[in-house]
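1. Sharing a model prediction with you, sequence too.
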Amino acid sequence: MANHVSALKRAKQNTIKRARNRSIRTVVKNHIKAIHLAIEKKDVNEAQTCLSNAIPVINKASSKGVFHKRNASRKISRLTRHVNALAS
């Protein structure tokens, strides 16, 4: 365990940040899962609605530093491709 005051503070901050990142990551996963379920059901309207709800959530997670900018962009791109393939 940390002994210095600064190390104790850093450990505490890491714990708080880890909990916040986990909750944000879970929300993103749930949005992505909803899109995949809509795609499996072949429901175009629901898939497009879920995608439009998921894109801002993924971008916000990226801006918070939970995901890298390129990772978020890749997720959005792949989900959009799947939904567009379903629509056509």
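-> Structure's in. What do you need?
2. And stretch 81-88, what's buried?
-> Buried residues in stretch 81-88, counted by 16 or more other C-beta atoms under 10 Å: H82, V83, L86. (Glycine included, C-beta is placed from N, CA and C.)
3. Helices - which of those residues land there?
-> Residues of the buried residues of stretch 81-88 located in helices (DSSP state H): H82, V83, L86.
4. As a markdown table, those with pLDDT and distance to V57 would be great.
-> A markdown table is the format used below for those (pLDDT from 0 to 100; distance: C-beta to C-beta, whole Å):
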| residue | pLDDT | distance to V57 |
| --- | --- | --- |
| H82 | 97 | 17 |
| V83 | 97 | 15 |
| L86 | 93 | 20 |
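5. Kindly indicate which of these lies nearest I55.
-> The closest of these to I55 turns out to be V83 (C-beta to C-beta; 10.7 Å).
6. center of this structure - which residue?
-> V28 (3.0 Å; C-alpha atoms, centre = their mean).
7. Can you name the helix or strand that it falls in?
-> helix 5-40 (DSSP states H and E).
8. quick check: mean pLDDT across that helix?
-> Taken as a whole, helix 5-40 has an average pLDDT of 96.
9. Can you give me the buried ones in it?
-> I24, V27, V28, H31, I32, A34, I35, A38, I39.
10. same deal with stretch 47-60?
-> A47, Q48, C50, L51, A54, I55, V57, I58, N59.
11. Just those residues: which are in helices?
-> The members of the buried residues of stretch 47-60 that map onto helices under DSSP H are A47, Q48, C50, L51, A54, I55, V57, I58, N59.
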